[in-house]
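# Mind looking at a prediction? Sequence and model below.
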Amino acid sequence: SFLPRQATPRFQFAPRSSPTLSSLPACPQPHPLRRALSPAAATSASAATSPSPPVIASPVAAPAPFSGSAGDCNGFLLQCSLALEMQPQLYSDDRAKVAFIISRLEGKALRWAEPLWTLRHPALTSLSGFLERFREVFGTPAGDSSIGERLCRLRQGSMTVSNFALQFRTLATASGWNEQALITTYHQGLNPRIRLHLAAYEDSIGLEKFIQLSIRVATRMQLCFEEHQDQSLSPAAPRRPEHVSRPEPADETVDLEHSDLAALERQREQQRRLTQNRCLYCGRLGHFMAECPTHPARSGVSALLPVLNIKKPLSIVVSLTVSDLCLPARALLDSGSAGNFISGALCRQLCLKRTATQKVYQIHAVTGRTLQTVRHLAGPLRLQVGALHSEELHLLVLEDATADIILGRPWLELHDPVLSWKTREILKWGEHCFGACFPSLPAPVPPQFHHLPIQPHRKASKLPPHRPWDCAIDLIPGEPVPKGRIYSLSIPEDKAMEEYIQEALAQGYIRPSTSPAASSFFFVAKKDGGLRPCIDYRALNQITVKFRYPLPLISAVLERLRGATVFTKLDLRSAYNLIWI
């Protein structure tokens, strides 16, 4: 019998007890033309043989779109092979299978496949050939040495053992290493405390069992640690300590800092030493950790650097001027300093005069320790910050200072600057600076021009008197007079036109006229949103007698400026409207 192709691949699955054919939709009757061509064959076939069972598609989801990432290439091809294998009735030949794979591409992968499909490349006729070409472009070589390198560098770190095992399994599958090498590599990647507890077990149990064992050990250790934490945090009733004579324990010297004990055992040992008033470092009686003779000395700065994340102090660039000598320097702004200082080296470089102070000043650190003694005052010198701020001051001489200049709290209180701690700049100066530190602004007009009268704004739009060289617009004889075109204007444009006409009438630029000749008037939008008035004189220019005369060359004009040192810029307001016609 003839079964036509189904319109939609949707099926309703029946229970196990029902026949398979009952789950299919009713098949339409064969075409009448086919029954007329071979009635006997159809009758004999239906009587002699039973219909073959239909192929039901397995419900497999379409793979996610592939954009060209090399790490996702193998997984994408695996999902495509599952979809093609589970639905063979939908993709009968290699070209249909290749078309299905291309339909799941996007981004650069789709741009790569587009010319292949458009030009009907021979690789599209064979699925194996297309997959080989696809792996060459987007895949990674099977024997890639980078997988082995990543496997050797893989460490647990802050990851859980489960996450570490997942990453290890992913790389181990593609590495091709034998099981013993993988076990050794996995053991080396675990944290030391996990390796310590796994030392009692043999690694000959196999890779998978060894991984499962490490996960169970890590889980139990975490549970014990959380239980111990809960017990240590729970409040307990205070008890009077009982003085019981106990035998003096043997000398225990356990280096907690460098031992490989587990976290739980380390905490128990610390608690025991605290209870028995022992040293936390060596475990002996009679002293504490700060006075332990076996504890190595440490620098306080190196211990604080990773915690405090100390950055460079706030400093600004200043200019120091003494007589004819001017030097740039870097000044440290220190609000904790009780004075303003200059280093001894810079003081000698500037040849500053030193005078003894009335009393001796002692410089103390934040810890109270005396650093240096100040006995001299240097100056005067001019200190300039930026382009305008300038002052004259005296500075205390600090011989061994690492900064050139230290501007302390007295300077900050006097000038009261507003600082930007992020950009390390002075944003604003105090009121004192505007009267004492900034120079007075020069007069806007030089003295040699003070005798000249200042032209008011209204005179700038006044027409000059008639002169012999007034311009003329001569028309070609016999040419028709142009007639202007009327443009439609919006409400803002109509308002702007009325204002323009009234202003031009008041200035005398235009006057009422009944002439049949006219030019069109419209507006063009400016970049700032305003309107620029425009008059269309193109028709008038076509019938105007051209005044042709030779213009000088630009190079000749520029040559006349050779040796000039003073230039003038003539700026006229509405210069186009100041020409008499």
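Noted; the coordinates are in hand.
# Any regions of this structure where pLDDT drops low?
Scanning the chain with the threshold set as pLDDT under 70 gives 1-58, 140-145, 228-264, 295-311, 441-443, 454-458, 571.
# partners of the longest strand along it in the sheet?
With secondary structure taken from DSSP state E, the chain has its longest strand at strand 370-385. Using DSSP bridges, strand 370-385 pairs in its sheet with strand 315-322 (antiparallel), strand 354-364 (antiparallel), strand 389-398 (antiparallel).
# Quick check: which of the ones you listed is buried the most?
Highest mean neighbour count of these: strand 389-398, a mean of 19 (counted as mean count of other Cβ atoms under 10 Å). Any C-beta I mention is one placed from the backbone N, CA and C, and that applies to glycine too.
# Out of the strands paired with strand 370-385, which is closest to F438?
Evaluated over these, closeness to F438 peaks at strand 389-398, with 6.6 Å, by Cβ to Cβ.
# How much space separates R216 from T184?
Distance of R216 to T184, computed by Cβ to Cβ, to the nearest Å: 20 Å.
# Could you do S488 as well?
As judged by Cβ to Cβ, S488 and T184 stand 88 Å apart.
# between these two, which one's more packed in?
Applying other Cβ atoms under 10 Å to S488 and T184 shows that T184 carries more neighbours, namely 12 against 7.
# Now that one: closest residue in space that isn't a chain neighbour?
Closest residue in space to T184, ignoring its immediate chain neighbours: D203 at 7.7 Å, by Cβ to Cβ, 6 or more residues apart in numbering.
# The one you found against I183, yeah?
Yes. Taking contacts as Cβ atoms under 8 Å, D203 lies within contact range of I183: 5.0 Å.
# Looking at these two, which has the bigger crowd around it?
Each of D203 and I183 has its neighbours counted (other Cβ under 10 Å); I183 has more, 19 against 16.
# Thought L207 was touching the more buried one, still the case?
Yes. Counting by Cβ under 8 Å, I183 touches L207, with 5.3 Å between them.
# anything in contact with each of D203 and I183?
Counting by Cβ atoms under 8 Å, 6 or more residues apart in numbering, the contacts common to D203 and I183 are F210.
# and the residue nearest to T184, what does it touch?
Taking Cβ under 8 Å, 6+ apart, we find D203 in contact with 183-184, 187, 210.
# Same question for L127.
Taking Cβ under 8 Å, 6+ apart as the test, what L127 contacts is 94, 97-98.
# Now do N191 against Q267, distance only.
Going from N191 to Q267 by Cβ to Cβ gives 17 Å.
# coming back round to it: what are the buried residues along the longest strand of the chain?
Buried residues in strand 370-385, counted by 16 or more other Cβ atoms under 10 Å: 374, 376-379, 381, 383-385.
# Just send those back as TSV, with distance to L427 too.
TSV is the format used below for those (distance: Cβ to Cβ, whole Å):
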residue	distance to L427
V374	32
H376	34
L377	31
A378	30
G379	28
L381	26
L383	19
Q384	18
V385	12
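# Please name the nearest non-neighbouring residue to R511.
Leaving aside its sequence neighbours, R511 sits nearest to L505 (Cβ to Cβ, 6+ apart; 7.3 Å).
# Run a quick neighbour tally on the one you found.
When counting by other Cβ under 10 Å, one arrives at 12 neighbours for L505.
# So that it lines up with my notes, have the first residue be 59 from now on.
New numbering, starting at 59: the last item is L563.
# My guess is it contacts S571. True?
No. L563 lies out of contact with S571 (Cβ under 8 Å); the separation is 11.7 Å.
# can you list the domains in the chain?
The chain breaks down into these domains under automatic domain parsing: 59-111, 128-196, 203-286, 373-494, 527-639.
# okay, how far is it across the longest one, tip to tip?
One end of domain 373-494 sits 23 Å from the other (Cα to Cα, to the nearest Å).
# And the strands in the stretch 59-208 of the chain?
With DSSP state E, counting those that start in this stretch as the definition, the stretch 59-208 of the chain shows no strands.
# what are the ranges of the helices in it?
Using DSSP state H, counting those that start in this stretch, the helices of the stretch 59-208 of the chain run over residues 90-95, 97-106, 131-144, 152-161, 165-176, 185-196, 203-211.
# Can I get those helices in TSV including distance to K541?
Shown next, in TSV, are these (distance: least, Cβ to Cβ, whole Å):
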stretch	distance to K541
helix 90-95	78
helix 97-106	89
helix 131-144	73
helix 152-161	65
helix 165-176	58
helix 185-196	69
helix 203-211	81
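# List just the one of these that sits closest to F605.
In terms of Cβ to Cβ, the element of those nearest to F605 is helix 165-176, at 61.4 Å.
# hmm, who's touching the closest one?
In this structure, residues lying in contact with helix 165-176 by Cβ under 8 Å, 6+ apart are 124-126, 157, 160, 163, 179, 181-182, 195-196.
# Show me which of those residues are buried.
For these, a neighbour count by 16+ other Cβ under 10 Å gives the buried set as 124, 126, 160, 163, 181-182, 196.
# Tell me the one of these nearest P522?
When the buried ones among the contacts of helix 165-176 are compared against P522 (criterion: Cβ to Cβ), the nearest one is G126, at 73.4 Å.
# give me every residue that touches the closest one.
By Cβ under 8 Å, 6+ apart, the contact set of G126 is 165-167, 170, 196.
# Return the distance of it relative to R330.
60 Å.
# biggest separation within the contacts of D261, which pair?
In the contacts of D261, two members sit farther apart than any others by Cβ to Cβ. They are T242 and F268, at 10.4 Å.
# which stretches of the stretch 409-558 of the chain form strands?
412-422, 428-443, 447-456, 463-465, 476-478, 483-486.
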